[in-house]
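*Asks:* Give me a 3D structure for the following:
(2 chains)
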There are 2 protein chains.
Amino acid sequence: MVRASAAVAAEQPPDWREFGPLDLSPILAAALEVFWEHGFHGATVREIARRVGMTVPALYYHHENKEGLLVALLELGTGEATWRTRAAAEEGAGDPAKQLTNVVEAIVRQMTQRTRLATLDLELRYLSARSRRRYAARRKTVENVLAEVVDAGARTGVFTVADTEETSRALLGMCQSVARWYRPDGDCSPEEMAARYVEIALMTVGARRGPVRATRRR
Amino acid sequence: MVRASAAVAAEQPPDWREFGPLDLSPILAAALEVFWEHGFHGATVREIARRVGMTVPALYYHHENKEGLLVALLELGTGEATWRTRAAAEEGAGDPAKQLTNVVEAIVRQMTQRTRLATLDLELRYLSARSRRRYAARRKTVENVLAEVVDAGARTGVFTVADTEETSRALLGMCQSVARWYRPDGDCSPEEMAARYVEIALMTVGARRGPVRATRRR
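*Replies:* Modelled structure (predicted):
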């Protein structure tokens, strides 16, 4: 499809809050589907090829093997998470509380709007040592953006944090766990879910005193 | 092995902080090993039987199928997590901050001292709907204990929580994510890791103002 606005769009950076459909090749789209249904080990290249209407040798022309497909998808997911997280942090530059708000929103949105891609991260440990190292380095970038924001807030006295490193890792783990149970057809929108985790994250770094009265939804 | 202290031990409840070796049958021990190495879908009953030195039909005499092995291990893991979490909460009865401290310690210890068993939880979504429902109910117990503690703290004004339900789920996600990267041969003991997450969890519920100076380990 020809995009008339392509020239205009190129002039301004994409909005980290906007999630369009995933731009996947037919092979990667089929691989994502099969990995989601059967897990990496249960998936077969034969089944992926069948869904694209391709022979196995034709598929191998594009991707080295099954691991190559997983790596391509993982890199796509972390690539997207990285630019969104960075853009979210930049938007709040100079204001660590705003930065943390944005970054947590970006990560939780990624988990709720790219659930299948985010879930692939769980297959990481089945990668070969070489692929795992390369991917882990990219993946670390999101954690580093978060750590920089937490550190900036702690240094300027906006946040109260005993251990910057561990707190950043804990916040990331907290946000990422959303992908494990979030249901797009449930009663909580990605925006609402992000808002809840922003509140919890601000509490975690001592930047918010929430309402004293507890609310229980059930 | 005959345990001389069995009669004495039966008189007092087991200590939730004590982790002995996992009490697994040879078949389940082999299944845990093979699931860990290859994932649920990549594992074969043939390979599990081979490691126990058993024929496949003999193995089927004890366990219905591969899913039955996974369910048995998952139930073992949640069963252990449940009694430890409950005992940890009971030990601090009447003092929500102490209860949260104990419960977070119990969960993080479970993640760091039963890493392989805890990681199986990621295979949950490959279970049949029936097994998944049954297991999810058991698994929910740990979350409920945590929610009760957070709720008690919020009601008595010890904690400051905007959303008890979501905060409990976030705390659980945070603690559980430890199993994904914790290395028993690394430089952080289960005790130290638990202590770090206790501090972070107390911050999250507004029960602690940590030191203002930020520390970075790298």
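*Asks:* Any figure for the gap between A:Ala162 and chain B?
*Replies:* 4 Å (Cβ to the nearest Cβ, to the nearest Å). Where you see a C-beta, it was placed from the backbone N, CA and C, and this is true even at glycine.
*Asks:* Kindly report the same for A:His41.
*Replies:* 3 Å.
*Asks:* you'd agree that residue is up against B:Glu37?
*Replies:* No. Checked against Cβ atoms under 8 Å, the pair A:His41 and B:Glu37 is beyond contact range at 9.9 Å.
*Asks:* who touches both of these two?
*Replies:* Listed as contacting both A:His41 and B:Glu37 by Cβ atoms under 8 Å, 6 or more residues apart in numbering or on different chains are B:Ala43.
*Asks:* okay, these two: which has more neighbours?
*Replies:* A direct count of neighbours by other Cβ atoms under 10 Å in any protein chain shown for A:His41 and B:Glu37 places A:His41 higher, at 17 against 14.
*Asks:* where's the closest residue to the more buried one other than its chain neighbours relative to A:Leu69, distance?
*Replies:* Distances taken as Cβ to Cβ, 6 or more residues apart in numbering or on different chains place B:Gly42 nearest to A:His41, at 2.7 Å, with adjacent residues excluded. Distance of B:Gly42 to A:Leu69, given as Cβ to Cβ, to the nearest Å: 15 Å.
*Asks:* Who has more neighbours out of the two?
*Replies:* Each of B:Gly42 and A:Leu69 has its neighbours counted (other Cβ under 10 Å); A:Leu69 has more, 24 against 16.
*Asks:* quick check: domain ranges of chain A?
*Replies:* A:22-63, A:76-208 (automatic domain parsing).
*Asks:* Go through those and pick out the most buried.
*Replies:* Ranked by mean neighbour count under mean count of other Cβ atoms under 10 Å in any protein chain shown, the domains of chain A are led by domain A:76-208, which reaches a mean of 20.
*Asks:* Straight-line length of it, end to end?
*Replies:* Using Cα to Cα, to the nearest Å, the end-to-end distance of domain A:76-208 comes out at 34 Å.
*Asks:* what pLDDT, on average, does it get?
*Replies:* Averaged across domain A:76-208, the pLDDT comes to 92.
*Asks:* tell me the angle the helix or strand in which A:Ala195 is found makes with helix B:190-204.
*Replies:* Using DSSP states H and E, A:Ala195 sits within helix A:190-204. Angle of helix A:190-204 versus helix B:190-204, following axes from the mean of the first three to the mean of the last three Cα atoms, to 10 degrees, is 110 degrees.
*Asks:* at contact distance from chain B, anything in helix A:190-204?
*Replies:* Yes. With Cβ under 8 Å from any Cβ of the partner chain as the criterion, chain B is reached by helix A:190-204 at A:Arg196, A:Tyr197, A:Glu199, A:Ile200, A:Met203, A:Thr204.
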